[in-house]
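Asker: After the sequence you'll find the predicted model.
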Amino acid sequence: MSGALEHRLADLVADVSGGEISAEQALAGDHSLSALGLTSLAWIRLIDAIEDAFEVDLDLGGDLSAFERVAALAAHLSGLLDAQ
């Protein structure tokens, strides 16, 4: 599921960035999503989209480094989904 989850998250990144960041760029992991140009508004949209799509609550009060790359975000999200 990890690969499929990463692809779904990359698609969400592309959607919330209005196409400024392609799913391929997000998946490549060469740069953080912030370095690729994901704006603060797009970050909020991404969090909302993830919470809606996967029916989870993301804790934004802790370490946010998991949100910087799609692979790390997928691993974090997978842990949340496994805990449900």
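Answerer: On my side now, so go ahead.
Asker: any idea which element Ala72 lies in?
Answerer: Taking DSSP states H and E as the definition, Ala72 sits inside helix 70-83.
Asker: Can you point out the buried residues in that helix?
Answerer: Going by neighbour count (16 or more other CB atoms under 10 Å), the buried part of helix 70-83 is 70-71, 73-74, 76-77. For glycine as for every other residue, the C-beta is placed from the backbone atoms N, C-alpha and C.
Asker: Ala35: neighbour count?
Answerer: Ala35: 9 surrounding residues under other CB atoms under 10 Å.
Asker: which SSE is it in?
Answerer: helix 33-36.
Asker: Report all helices and strands that that helix contacts.
Answerer: In terms of contacts (3 or more CB pairs under 8 Å, 6 or more residues apart in numbering; DSSP states H and E), helix 33-36 is packed against helix 23-28.
Asker: tell me the mean pLDDT over the next helix or strand after the helix holding Ala35?
Answerer: Later in the chain than helix 33-36, the nearest helix or strand by DSSP H and E is helix 40-54. For helix 40-54, mean pLDDT rounds to 94.
Asker: neighbouring contacts of helix 40-54?
Answerer: 8-9, 12-13, 15-18, 20, 33, 38, 56-58, 60, 67, 73, 77, 80-81 (CB atoms under 8 Å, 6 or more residues apart in numbering).
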